[in-house]
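Chemist: here are the coordinates; sequence isn't available:
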């Protein structure tokens, strides 16, 4: 049930469901469920709601981006492997009038050559990389600042 607060959609791509067990030296030991729980708590403190989607399927990601119009005030997206080659995800983000922030837990610019380029980054508000789970928390702070309207005191 909506509280009337702006809502942010957090989209996670392939293999993010394996957080906590997948390459913990790169991605840490926090699970996706733990991350989502912490983001939900932070969202409440920032005055926004947050919904989550994790998918290993490119078409599901594209559909969710397209369906965000009129429902979400901002998207936080970790396209994961799709970052590096999915023109479909890039085009979906470019086609909707919903601001988006790209996040990555690892510093993609310091990893393998094929990970250093994101086809998504030119069509989002910004990219936050390399801070582990904090990349998401920083993105949520930005999203809330972008979408929460300051209430003016009654005179």
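Modeler: Arrived safely, thanks for sending. Because the structure is predicted, anything quoted here is derived from the model rather than measured.
Chemist: now the strands for this protein?
Modeler: With DSSP state E as the definition, the chain shows strands at residue ranges 7-12, 49-54, 74-78, 100-104, 126-129.
Chemist: got CSV for these, with mean neighbour count and mean pLDDT too?
Modeler: C-beta: built from backbone N, CA, C; applies to glycine. Putting the strands of the chain into CSV (neighbours: other Cβ atoms under 10 Å; pLDDT from 0 to 100) gives the following:
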stretch, mean neighbour count, mean pLDDT
strand 7-12, 24, 98
strand 49-54, 19, 98
strand 74-78, 25, 98
strand 100-104, 25, 96
strand 126-129, 18, 95
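Chemist: and residue 65, what is it in contact with?
Modeler: With contacts taken as Cβ atoms under 8 Å, 6 or more residues apart in numbering, residue 65 has the following neighbours: 11, 75, 77, 89, 92, 93, 96, 98.
Chemist: before we move on, back to that, make a markdown table out of the strands of the chain and add distance to residue 113.
Modeler: Formatted as a markdown table, the entries for the strands of the chain read as follows, by distance: least, Cβ to Cβ, whole Å:
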| stretch | distance to residue 113 |
| --- | --- |
| strand 7-12 | 24 |
| strand 49-54 | 27 |
| strand 74-78 | 20 |
| strand 100-104 | 16 |
| strand 126-129 | 16 |
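Chemist: of all these, which lies closest to residue 112?
Modeler: strand 100-104 (13.1 Å; Cβ to Cβ).
Chemist: if we can go back for a sec, out of the strands of the chain, which comes closest to residue 42?
Modeler: Among the strands of the chain, strand 49-54 comes nearest to residue 42, with 8.3 Å by Cβ to Cβ.
Chemist: mind listing what that closest one pairs with, with the direction of each?
Modeler: Each strand paired with strand 49-54, and its direction, by DSSP bridges: strand 7-12 (parallel).
Chemist: tell me the angle of the strand it pairs with relative to strand 74-78?
Modeler: Taking axes from the mean of the first three to the mean of the last three Cα atoms, to 10 degrees, one finds strand 7-12 and strand 74-78 inclined to each other by 10 degrees.
Chemist: who's in contact with strand 7-12?
Modeler: Looking at strand 7-12 with Cβ under 8 Å, 6+ apart, the contacting residues turn out to be 32, 36, 39, 43, 48-55, 61, 64-65, 68, 71-80, 136, 140, 143-144, 147.
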